[in-house]
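Visitor: sharing a model that was predicted from the sequence below.
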Amino acid sequence: MSDLESFQKLARAALTTPGLAFIVEKVELSKVPGPRKRIPPREALTRFVRYVEATEKISIFHTEIA
């Protein structure tokens, strides 16, 4: 089988005929975005605060100049 129509015909026949049926189909893996990396809670908070600082143009974390 190399197309969807062939698979659908065989699947219908397998489901409507009494007894066992085996259907073998090759599938191609698709590429999807991987799971997001988990970041530590402190890093997540820091990123969020930096985002708020940038979008609201305010200072929440004070940085010292060395």
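Guide: Yep, that arrived.
Visitor: which outside residues touch the helix or strand hosting Arg42?
Guide: Following DSSP states H and E, one finds Arg42 within helix 41-56. Contacts of helix 41-56 with the rest of the structure, by C-beta atoms under 8 Å, 6 or more residues apart in numbering, involve Ile39, Ile58, Ser59, Ile60, Phe61. Quick note: C-beta positions are derived from backbone N, CA and C, even for glycine.
Visitor: with just CA atoms, put the worst-scoring helix or strand of the chain on mean pLDDT into PDB.
Guide: Least confident helix or strand of the chain, by mean pLDDT, DSSP states H and E, is helix 4-16 with a mean of 89. Output of helix 4-16 as PDB, limited to C-alpha atoms (Å, rounded to 0.1, in the frame of the first residue of the first chain):
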ATOM      1  CA  LEU A   4      -4.500   6.500   1.700                       C
ATOM      2  CA  GLU A   5      -7.300   5.200  -0.500                       C
ATOM      3  CA  SER A   6      -5.800   1.700  -0.500                       C
ATOM      4  CA  PHE A   7      -5.400   1.700   3.200                       C
ATOM      5  CA  GLN A   8      -9.000   2.900   3.700                       C
ATOM      6  CA  LYS A   9     -10.400   0.100   1.500                       C
ATOM      7  CA  LEU A  10      -8.400  -2.600   3.300                       C
ATOM      8  CA  ALA A  11      -9.400  -1.200   6.700                       C
ATOM      9  CA  ARG A  12     -13.100  -1.200   5.800                       C
ATOM     10  CA  ALA A  13     -12.800  -4.800   4.500                       C
ATOM     11  CA  ALA A  14     -11.000  -5.800   7.700                       C
ATOM     12  CA  LEU A  15     -13.600  -4.300   9.900                       C
ATOM     13  CA  THR A  16     -16.600  -5.600   8.100                       C
END
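Visitor: buried residues of it, list them for me.
Guide: Neighbour-count burial for helix 4-16 flags Leu10 (criterion: 16 or more other C-beta atoms under 10 Å).
Visitor: where does pLDDT dip in the chain?
Guide: 1-2, 63-66 (pLDDT under 70).
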